[in-house]
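Q: Provide a 3D model corresponding to the input given below.
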Amino acid sequence: MGKKRLLDYAFAAGCAGKACQADLFAILNGISRFTHPDLLVGPEGFDDAGVYRLDNKRALVLTVDVLTPIADDPLIFGEIAAANSLSDVYAMGGSPLVALSVLGFPVNEIGHKTIRAIIAGANKKVREANAVIAGGHTFKDMEVKFGLAVIGTVHPQWVVTNGNAQPGDVLILTKPIGTGIITTALKANRASAKQVDAANRQMRRLNKTAAEVMVKTGVNAATDVTGFGLLGHAWEMAQASSVDIIILSPMVPLLDGVLELAEKGFFPLGSLNNYEFIKNRAVFPKDLSEDMRLVLCDAQTSGGLLISVPKNRAQLLLDHLWEKGVTAARMVGYVANGKGMVVVE
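A: Model prediction:
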């Protein structure tokens, strides 16, 4: 038997490290929720993080996310896992402050050097975020799991949620999609080195700059595109905002080669589950291929921000994003009056 890769210690096929969307809604349905005058954002809107007000000028942004390996290089995996965890704070318009590491691994199979490399990768990204790691927790597992519990800060009046998209808004996506497809092809040794490098570079890139530009420009709503795919997170925004989200499929940016890999069937189970969940909650054009429908549902790791911005600020937001190096940002749709549907055109 050959030596195991780090990717061999991941789910054979999963939902990008989180419960599938249908399962999550079924599990949480009927569970009583906490209410408190200082709990500004709780779980009811399925937002990216919770927000708790400390006083009139400070609120905490709280989140946790854990992944199984998404890359073979442990240092790169640590960077990706940290960037993915930090992203939820950025999606709320916040700044990361402090984090705790969460690490599970098969104790007698994974060497200390590999574990140290994962943690080193996370440390690198947390420093880039101008935050610190204060400690963490380890546990024995059959798989490798790593992520961060992150606390950030935000002004209570500047919190960005997924629940305030307004009819007439323009939708901006700050990273192309397709990481789930490329990493699935990598597990089968069918992705090119160029494709893997592009996906890894994107997943390691913090949403820090995009969030700073978003807050400075002034937007109505945002979410990060992760395990539920572009359409799944768009649907959550539509539900939370009581609007319809219109996605213009030809304008959605894709990583190079993603459609070709999709046509060969390299979809993670998470993407397939996302499509099963969304296909009765979205309207698709009859001539849109099933492959492209699945691409729009592809489970992302450390994806970009999906931002709902007033039309008169949309070009300003794009210009500022491009100037600051977020050159992949594109307009991908708009917001319309409705009752919480996603419409693909």
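Q: now the strands for the stretch 151-300 of the chain?
A: Using DSSP state E, counting those that start in this stretch, the strands of the stretch 151-300 of the chain run over 170-173, 221-224, 243-247, 282-283.
Q: off-centre distance for the longest one?
A: For strand 243-247, the separation from the chain centroid amounts to 19 Å (computed by C-alpha atoms, centre = their mean, to the nearest Å).
Q: neighbouring strands for that strand, and are they parallel or not?
A: strand 330-337 (antiparallel), strand 342-344 (parallel) (DSSP bridges).
Q: ok, now the second one?
A: Note on strand 221-224: by DSSP bridges, its sheet partners are strand 305-309 (antiparallel).
Q: can I get the strands of the stretch 151-300 of the chain in TSV including mean pLDDT, distance to residue 61 and mean neighbour count?
A: Where C-beta positions appear, they are placed from N, C-alpha and C, glycine not excepted. Shown next, in TSV, are the strands of the stretch 151-300 of the chain (pLDDT from 0 to 100; distance: least, C-beta to C-beta, whole Å; neighbours: other C-beta atoms under 10 Å):
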stretch	mean pLDDT	distance to residue 61	mean neighbour count
strand 170-173	98	21	24
strand 221-224	98	13	27
strand 243-247	98	24	24
strand 282-283	96	29	17
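Q: quick check: which of the strands paired with strand 243-247 is buried the most?
A: Most buried of those, by mean neighbour count (mean count of other C-beta atoms under 10 Å): strand 342-344, with a mean of 22.
Q: contacting residues around that one?
A: 231, 234-235, 238, 244-247, 249, 278, 281-285, 288, 293, 296, 336 (C-beta atoms under 8 Å, 6 or more residues apart in numbering).
Q: TSV please, covering the strands of the stretch 151-300 of the chain and showing distance to residue 318.
A: Output for these, formatted as TSV (distance: least, C-beta to C-beta, whole Å):
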stretch	distance to residue 318
strand 170-173	6
strand 221-224	14
strand 243-247	17
strand 282-283	25
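Q: still on that earlier bit, export the strands paired with strand 243-247 as JSON lines, with columns for distance to residue 59 and mean pLDDT.
A: Listed next are these as JSON lines, based on distance: least, C-beta to C-beta, whole Å; pLDDT from 0 to 100:
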{"stretch": "strand 330-337", "distance to residue 59": "26", "mean pLDDT": "98"}
{"stretch": "strand 342-344", "distance to residue 59": "30", "mean pLDDT": "98"}
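Q: can I get those in JSON lines with distance to residue 104?
A: Formatted as JSON lines, the strands paired with strand 243-247 follow (distance: least, C-beta to C-beta, whole Å):
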{"stretch": "strand 330-337", "distance to residue 104": "35"}
{"stretch": "strand 342-344", "distance to residue 104": "34"}
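Q: out of these, which comes closest to residue 306?
A: Taking C-beta to C-beta, strand 330-337 is the member of these nearest to residue 306, at 7.7 Å.
Q: and residue 27, how many neighbours?
A: 10 (other C-beta atoms under 10 Å).
Q: tell me which element it is part of?
A: Residue 27 belongs to helix 21-28 when assigned by DSSP states H and E.
Q: immediately after that helix, which helix or strand?
A: Helix 21-28 is succeeded, C-terminally, by strand 39-41 (DSSP H and E).
Q: what are the pairing partners of that next one, and which direction each?
A: Sheet pairing for strand 39-41, using DSSP bridges, gives strand 50-53 (antiparallel).
Q: what comes into contact with the strand it pairs with?
A: Residues contacting strand 50-53 (C-beta under 8 Å, 6+ apart): 36, 38-43, 59-63, 92, 94, 154, 156, 159.
Q: got it, and stretch 206-220?
A: With C-beta under 8 Å, 6+ apart as the test, stretch 206-220 has contacts from 83, 86-87, 90-91, 93-94, 125, 128-129, 158, 160, 164-166, 169, 174, 222, 224, 304-305, 307-310, 313, 316-317, 320-321, 324-326, 329.
Q: show me how to select, in PyMOL, the buried members of the residues you listed.
A: Buried residues among the contacts of stretch 206-220 (16 or more other C-beta atoms under 10 Å), as a PyMOL selection:
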select buried, resi 83+86+87+90+91+93+94+125+128+129+160+164+165+169+174+222+224+304+305+307+308+309+310+313+317+320+321+326+329
